[in-house]
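**Q** Return atomic coordinates for the entry below.
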Amino acid sequence: MKKYYISIRTRILILSLLIILSNASFVRWFFIEEMETELTNITIEHLKSIRASKARQIENYFALIRRQISTFSEDYSVIDAVRSFAQAYENISVDNDGSEYRHQSAELSNFYYKKFIPHLISEQQPSQTYETYFPSDPRSIKLQFQYIVSDPQREDTFSRTPAHIKYDQVHKKYHPMFSRLRDDFNFYDIFLVDHKTGDIVYSVAKEFDFATNLSYGPYKNTILGSLFKQAQRATDQDFIKLEDFEPYPPSFNEPASFIASPIYDGERKVGILIFQLPINVINDIMTGSENWYLDGHGRTGENILLGRDGFFRSQSRFLIEQPDILIGELEKTDYENDQIKKIISTNTSILTLEFKADEFQSGKQKDTLDGLIDYRGKPTYSAYSALDIQDVDWLIVTKIDKEEVLENLNTSFFTKLANISVYMLGLLPVVYWLINIILKPLNIINKCLYPESSSICYSYPLEHNIKQRVDHINGILQDFRKTCLSLDIREENTAADEKKYLPDLLKETLFQIEKDTKFSQSTIDQACHTVLEIQDLWQQLYTSSNALPENTEKQHLQFQELLNNGQETVHQVHAIQSKIDNLILLIKSLNYNNHKALQSDNFNVVLPAIVSELNQIEVLCFDIKSEVNKWNKRIHSDHVQSESLLRLMSTSDLKDKNGAVLDPYVLESIQQNLADLKQLLVKTDR
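**A** Numbers count the residues shown, from 1 in each chain. Alright, predicted model coming up:
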């Protein structure tokens with residue numbers, strides 16, 4: 001089975017990548033919970049901030065409505081208007097037996113059947129019938145016919161009705177003012193009611209409650225009838241009452257909320273002013289005009305207005321943006337089919353969509369919740385608080401899906417991790433550069449140990465090893481001379497203890513020289529052994545080359561030159577070996593003289609002989625270095641020439657001058673000998 005070698009450089013690079021990946025795993029394992037806790041706290045604080053902002057807006061809006069109705073109920077124009085409308089309404093005369101009345105009644109009845117009743121006898125209110133809502137008062141029939149049935153443009157032409165009765169004159173005078181008031185302050189409708197009789201003597205929108213009676217008429221039991229009765233009984237001039245949302249039949253059972261205030265002329269009550277509140281304004285506040293992203297809600301965040309009964313008082317974001325998805329989610333929860341059908345048919349979540357949570361019933365004024373299951377069955381982060389709105393018990397809930405928050409956590413984590421990884425990966429070239437510097441000596445050794453590699457090693461050969469040791473010996477000798485010079489042993493006044501120091505110093509010097517020399521001797525012995533192998537191989541190569549035809553002159557000349565070089569190389573190796581042997585003999589002689597010096601009291605007697613031998617060592621080191629330089633050049637030249645011959649002899653169509661193809665067995669023998677020679681030369685070069 002083939003084994004694959006992985007270089008140290010590759011291993012370090014792989015290790016660096018593994019460190020990056022393990023660091024990522026460690027960071028996620030160690031910090032993810034802490035980051036989730038921190039992000040949860042940040043999310044809760046963000047929700048609390050939005051909740052507080054929206055709570056102030058909705059509270060300020062209802063406070064503004066109270067101030068507006070209080071101000072308008074004291075306005076002289078409103079006081080005059082309610083008096084005029086009440087008097088004009090009371091003075092309307094109707095001939096019940098006349099053809100005009102019968103015509104008006106028939107037309108109005110037909111209008112109810114076509115335009116109004118079908119919306120009320122749907123699956124929501126199957127018990128509601130025509131008799132329940134058709135007005136019985138002839139004045140109601142007359143005014144509804146004139147202002148609802150016979151006016152195709154409805155309120156656009158209310159101010160231009162014919163003036164054949166007193167009521168039309170009053171309407172023409174005051175309707176533009178109330179219409180402007182409604183539009184400027186975004187009310188759904190404005191009512192003037194006779195506080196004595198309960199007659200709705202005026203409304204801007206002219207829906208089916210116009211000109212009906214709230215004391216005994218068809219809408220006496222509605223939210224508007226209940227509010228009227230409270231305002232009618234009130235004796236406080238500052239009385240203001242707000243009614244919570246309820247389905248209101250004249251508005252086709254859409255949710256409606258009203259606020260009422262009695263109208264006083266001095267101390268005398270003259271009527272009641274009622275505003276029907278606009279749903280769209282409340283929704284705009286809660287939804288940020290349907291700009292949830294700008295409000296900081298992301299994909300799933302929203303603000304919800306809830307009653308303590310758990311039903312919505314504002315529109316659900318998901319019913320606006322994704323109604324089909326919301327219905328599908330509701331079907332998976334415990335919502336009943338009738339409730340879901342009601343949401344679909346009304347296309348509103350107000351009073352139809354329920355968000356039940358025990359926490360909302362706890363009585364707490366405000367709280368934050370982690371993991372609250374919302375009306376869609378999704379875990380959420382939520383913050384809620386009770387609203388300070390007089391007459392109603394509402395909550396504001398600000399929430400966002402937990403899944404989205406954790407997605408942001410993962411996105412944030414992996415973004416930061418990616419940034420760190422990119423930074424660390426950016427350092428890989430630096431790491432690679434440092435690895436090359438660190439591994440450069442190891443690469444050289446690796447290439448020398450494996451000469452079959454594609455690049456041949458010529459660095460750090462025998463020359464370098466021996467030259468390095470010789471330079472070291474020369475350095476030691478120079479240091480010893482400096483020491484001798486500083487002591488100036490030829491002067492008689494030199495201290496005896498300083499003179500005794502020299503034998504010890506020389507002993508240490510000789511130990512270092514001997515150590516370097518033995519290394520050089522070991523190296524050259526290995527080279528000699530290899531050269532002997534080369535010598536045998538050269539002889540075989542010469543014998544093989546004799547088998548080449550004589551007319552292959554170029555090859556003969558190259559082989560002859562290679563063989564001559566080989567003989568010179570052998571002589572050089574023996575010369576180096578001889579000089580190193582002489583160096584070893586000198587070192588032994590120095591050791592002997594130094595031993596005598598250590599036993600003698602007078603070191604000056606043996607010092608001249610020691611200095612002479614040291615000088616001989618220095619000269620011999622210089623000769624060895626010179627011979628090694630020649631040796632290195634010769635080995636390099638032989639190696640290049642052997643490679644050239646090997647490439648030449650590897651040519652498959654090599655022929656002699658006569659065109660005859662050379663004997664393949666001769667070629668194979670020469671090629672093998674050249675390949676072996678190449679490896680031995682590389683080995684010797686090392």
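
**Q** In terms of helix, strand or coil, where does residue 177 fall?
**A** In three-state terms, and counting by DSSP: H, G, I helix; E, B strand; the rest coil, residue 177 is helix.

**Q** So it sits against residue 77, correct?
**A** Yes. Taking Cβ atoms under 8 Å as the definition, residue 177 is a contact partner of residue 77 at 6.3 Å. Yep, even glycine has a C-beta here, placed from its N, CA and C like the rest.

**Q** Which stretches in the stretch 251-400 of the chain count as helices?
**A** 279-287, 317-321, 323-331, 337-346 (DSSP state H, counting those that start in this stretch).

**Q** okay, these in CSV with mean neighbour count next?
**A** Shown next, in CSV, are the helices of the stretch 251-400 of the chain (neighbours: other Cβ atoms under 10 Å):
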stretch, mean neighbour count
helix 279-287, 19
helix 317-321, 19
helix 323-331, 15
helix 337-346, 15
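
**Q** In a markdown table, list those along with distance to residue 170 and mean pLDDT.
**A** Listed next are these as a markdown table, based on distance: least, Cβ to Cβ, whole Å; pLDDT from 0 to 100:
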| stretch | distance to residue 170 | mean pLDDT |
| --- | --- | --- |
| helix 279-287 | 29 | 92 |
| helix 317-321 | 42 | 93 |
| helix 323-331 | 45 | 91 |
| helix 337-346 | 36 | 87 |
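
**Q** which one of the ones you listed lies closest to residue 422?
**A** The minimum distance between residue 422 and those falls on helix 317-321, with 36.4 Å, by Cβ to Cβ.

**Q** packing partners for the closest one?
**A** Packing contacts for helix 317-321, counted by 3 or more Cβ pairs under 8 Å, 6 or more residues apart in numbering; DSSP states H and E, involve helix 323-331.

**Q** Contacts for the helix it packs on, please.
**A** Here helix 323-331 makes contact (Cβ atoms under 8 Å, 6 or more residues apart in numbering) with 316, 318, 319, 340, 343, 344, 347, 375, 376, 377, 378.

**Q** Check which element follows the longest helix belonging to the chain along the chain.
**A** Assignment by DSSP state H gives helix 8-73 as the longest helix of the chain. Per DSSP states H and E, the first helix or strand lying C-terminal to helix 8-73 is helix 76-90.

**Q** what comes up buried for that next one?
**A** 78, 79, 81, 82, 83, 84, 85, 86, 88, 89 (16 or more other Cβ atoms under 10 Å).

**Q** for those, which one is nearest residue 426?
**A** For the buried residues of helix 76-90, the nearest to residue 426 is residue 78 (75.2 Å; Cβ to Cβ).

**Q** In this structure the closest one contacts residue 70, no?
**A** No. Assessed by Cβ under 8 Å, residue 78 is found out of contact with residue 70, at 11.4 Å.

**Q** Phi, psi for the closest residue to residue 394 other than its chain neighbours please.
**A** Spatial nearest neighbour of residue 394, excluding adjacent residues (Cβ to Cβ, 6 or more residues apart in numbering): residue 387 at 4.7 Å. Backbone geometry at residue 387, expressed as degrees, to the nearest 10, gives phi -100, psi 140.

**Q** Surely residue 387 is in contact with residue 59?
**A** Yes. Judged on Cβ under 8 Å, residue 387 makes contact with residue 59 at a distance of 5.9 Å.

**Q** what about these two, which has more around it?
**A** Set residue 387 next to residue 59 and count neighbours by other Cβ atoms under 10 Å: residue 387 wins out with 19 against 16.

**Q** Pull up the gap between the more buried one and residue 302, please.
**A** Residue 387 sits 16 Å away from residue 302, taking Cβ to Cβ, to the nearest Å as the criterion.

**Q** what secondary structure does residue 208 sit in?
**A** Here residue 208 is recorded as coil under three-state DSSP.

**Q** which residue packs closest to it, ignoring adjacent ones?
**A** Distances taken as Cβ to Cβ, 6+ apart place residue 250 nearest to residue 208, at 4.4 Å, with adjacent residues excluded.

**Q** With residue 206 instead?
**A** Spatial nearest neighbour of residue 206, chain neighbours left out: residue 147 (5.1 Å); criterion: Cβ to Cβ, 6+ apart.

**Q** pLDDT wise, what is the one you found at?
**A** The model reports residue 147 with a pLDDT of 90.

**Q** On the three-state scheme, it is what?
**A** Secondary structure assignment for residue 147 (three-state DSSP): helix.

**Q** Distance of it relative to residue 84?
**A** Distance, residue 147 to residue 84, by Cβ to Cβ: 16 Å.

**Q** With residue 335 instead?
**A** With distances taken as Cβ to Cβ, residue 335 is found 51 Å from residue 84.

**Q** Could you give me the buried positions within the longest strand anywhere in the chain?
**A** Under DSSP state E, the strand in the chain containing the largest number of residues is strand 254-265. For strand 254-265, the neighbour count (16+ other Cβ under 10 Å) marks 254, 255, 256, 257, 258, 259, 260, 261, 262, 263, 264 as buried.

**Q** could you dump those to JSON lines with distance to residue 11 and pLDDT?
**A** What follows is the buried residues of strand 254-265, written out as JSON lines (distance: Cβ to Cβ, whole Å; pLDDT from 0 to 100):
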{"residue": "254", "distance to residue 11": "75", "pLDDT": "90"}
{"residue": "255", "distance to residue 11": "73", "pLDDT": "93"}
{"residue": "256", "distance to residue 11": "78", "pLDDT": "94"}
{"residue": "257", "distance to residue 11": "76", "pLDDT": "95"}
{"residue": "258", "distance to residue 11": "81", "pLDDT": "97"}
{"residue": "259", "distance to residue 11": "80", "pLDDT": "97"}
{"residue": "260", "distance to residue 11": "86", "pLDDT": "97"}
{"residue": "261", "distance to residue 11": "87", "pLDDT": "97"}
{"residue": "262", "distance to residue 11": "92", "pLDDT": "97"}
{"residue": "263", "distance to residue 11": "93", "pLDDT": "97"}
{"residue": "264", "distance to residue 11": "95", "pLDDT": "96"}
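
**Q** which one is residue 40 nearest to, not counting chain neighbours?
**A** residue 370 (6.3 Å).

**Q** Let me see the contact set for the residue nearest to residue 394.
**A** Residue 387 neighbours (Cβ under 8 Å, 6+ apart): 55, 58, 59, 305, 394, 395, 396.

**Q** mind redoing it with 7 Å?
**A** Neighbour list for residue 387: 55, 58, 59, 394, 395, 396 [criterion: Cβ atoms under 7 Å, 6 or more residues apart in numbering].

**Q** Now do residue 622 against residue 568, distance only.
**A** The spacing between residue 622 and residue 568, counted by Cβ to Cβ, is 21 Å.

**Q** cool, residue 214 as well?
**A** Note on residue 214: its distance to residue 568, by Cβ to Cβ, is 133 Å.

**Q** cool, residue 349 as well?
**A** For residue 349, the distance to residue 568 - Cβ to Cβ - is 105 Å.

**Q** Who has more neighbours out of these two?
**A** Ranked by neighbour count (other Cβ under 10 Å), residue 349 and residue 568 place residue 349 first, with 25 against 13.

**Q** ok so, going back, neighbours around the residue nearest to residue 40, how many?
**A** 13.

**Q** Report the beta-bridge partner residues of it.
**A** The bridge-partner assignment for residue 370, based on DSSP bridges, gives residue 381.

**Q** looking at it, it is touching residue 380, isn't it?
**A** No. The criterion here is Cβ atoms under 7 Å, and residue 370 misses it with residue 380 at 8.8 Å.

**Q** Please identify the buried residues of stretch 175-189?
**A** Going by 16+ other Cβ under 10 Å, stretch 175-189 has these buried residues: 175, 178, 179, 181, 182, 185, 187, 188, 189.

**Q** wait, which of those residues is closest to residue 310?
**A** Here the nearest of the buried residues of stretch 175-189 to residue 310, counting by Cβ to Cβ, is residue 188; it sits at 24.8 Å.
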